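Asks: Compute the structure for the input listed below.
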Amino acid sequence: MNIGLVAHDAKKKLMQNLCIAYRGILTKHDLYATATTGRLIEEVTNLNIHKYLAGHLGGTQQLGSQIEHNMIDMVIFLQDPLKPKKHEPDIFNILRLCDIHNIPLATNLATAELLIHALERGDLDWRDMYK
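Replies: The predicted structure is shown next:
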């Protein structure tokens, strides 16, 4: 499965810790991330990450394009809801595209863990048929 990983600055350490904790599951899948998030995950996990541009430089748009072309199966987007971002429209576009294209989406740690466990159990195998 192709998994998109995005984290706002205040959530990057949380994303690193999530990827450390679930490295065994994530290593079986193709991971895509915005530039800084991807680099930080690689540094602590040794996972291979396909990196987009930085989020504010178009990385979230690149992820959105892959979602539109049915090339992403799941997205973990750890947001910081307390600080508005300059590229907020791009962020909302990712959420909207996931809804339109039936892509499982986690925006916080609790739902991210649920999706990762579902991935491991095979609950998301329907995505293979959806393609």
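
Asks: which parts of the worst-scoring helix or strand of the chain on mean pLDDT are buried?
Replies: Every helix and strand of the chain was ranked by mean pLDDT, DSSP states H and E. The lowest is helix 126-130, at a mean of 80. By 16 or more other CB atoms under 10 Å, the buried positions in helix 126-130 come out as Arg127. All C-beta atoms are positioned from the backbone trio N, CA, C, and that covers glycine.

Asks: what's the answer for stretch 74-81, then?
Replies: Buried residues in stretch 74-81, counting neighbours by 16+ other CB under 10 Å, are found at Met74, Val75, Ile76, Phe77, Leu78, Gln79.

Asks: With respect to pLDDT, which of these ranks lowest?
Replies: Within those, pLDDT reaches its minimum at Gln79, with 89.

Asks: For that residue, which non-adjacent residue is closest in space?
Replies: Thr107 (5.2 Å; CB to CB, 6 or more residues apart in numbering).
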